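K.L.:
Quick one: sequence and predicted model below, then my questions.
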Amino acid sequence: MSALLIAGSPSARSRSAALLDAVAQRLSVQGALVDRIHIRDLSPQALLLADFGHPTVTAAIDQVAQARVLVVATPVYKAAYSGVLKVFLDLLPQTALKGKVVLPLATGGSPHHMLALDYALRPVLQSLGAKHILPGIYATDSQVTVTPEGACEVHADIAARLDDAVNLLITESLRPSQAHAGRFAPIPFSQVRCSV
């Protein structure tokens, strides 16, 4: 399984990046191949001007296309996900997440912003065709603390939720995308006949 971790924070060190690090550790233990995109490292001019031909943008879009699983992490600012993440998602093709399993993560200053995952980020991920968007994990600043050395520490309650999310992520990504045995094949609407 290949997983792409997308860091949507404009900061080099952030609590949302700490959540991604925790997920990366858990996925690596499970044998997953983990790759990353730090949106802040892409060309800002290319992002803002929607320069689809810029090498950093092209490479990032290719990474999304190749991954089976995406983990998207963002800080929440003013009840919405980060602007740099928004600009990046806007550059993806309309079906960029088709057939992919997505785990959204977010951090914010208070629990009052946790609905940003469901009401701001989830609809955009859905519009990009994600096969399955797992329940998101939101952590407050008090649940992801910065140590005096500058490292981030995820508290036990969030760590347990990350364990469950990674297990579900692996389970969902291993499901076959085709119809399961014993189920009927899909029928195109044009072949449906009914009488009243």
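P.N.:
In hand now; what should we look at? Residues are numbered from 1 along each chain as shown.

K.L.:
in its sheet, what does the helix or strand where L4 lies sit against?
P.N.:
L4 is part of strand 2-7, with elements assigned from DSSP states H and E. If you go by DSSP bridges, strand 2-7 pairs up with strand 33-38 (parallel), strand 69-77 (parallel).

K.L.:
could those go into a markdown table alongside distance to S190?
P.N.:
For the C-beta atoms, the positions are set from N, CA and C on the backbone; glycine is no exception. Output for these, formatted as a markdown table (distance: least, C-beta to C-beta, whole Å):
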| stretch | distance to S190 |
| --- | --- |
| strand 33-38 | 40 |
| strand 69-77 | 33 |
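
K.L.:
Regarding this structure, what is its longest helix?
P.N.:
What stands out as the longest helix in the chain, according to DSSP state H, is helix 156-174.

K.L.:
how about it: buried residues?
P.N.:
Across helix 156-174, burial judged by 16 or more other C-beta atoms under 10 Å covers 158, 161-162, 165-166, 169-170, 172-173.

K.L.:
Please name the residues that touch the nearest residue to A96 once chain neighbours are set aside.
P.N.:
Spatial nearest neighbour of A96, chain neighbours left out: L128 (5.1 Å); criterion: C-beta to C-beta, 6 or more residues apart in numbering. Neighbouring residues of L128 by C-beta atoms under 8 Å, 6 or more residues apart in numbering: 89, 92, 94-98.

K.L.:
Over to P135?
P.N.:
Applying C-beta under 8 Å, 6+ apart, one finds that P135 lies in contact with A165.
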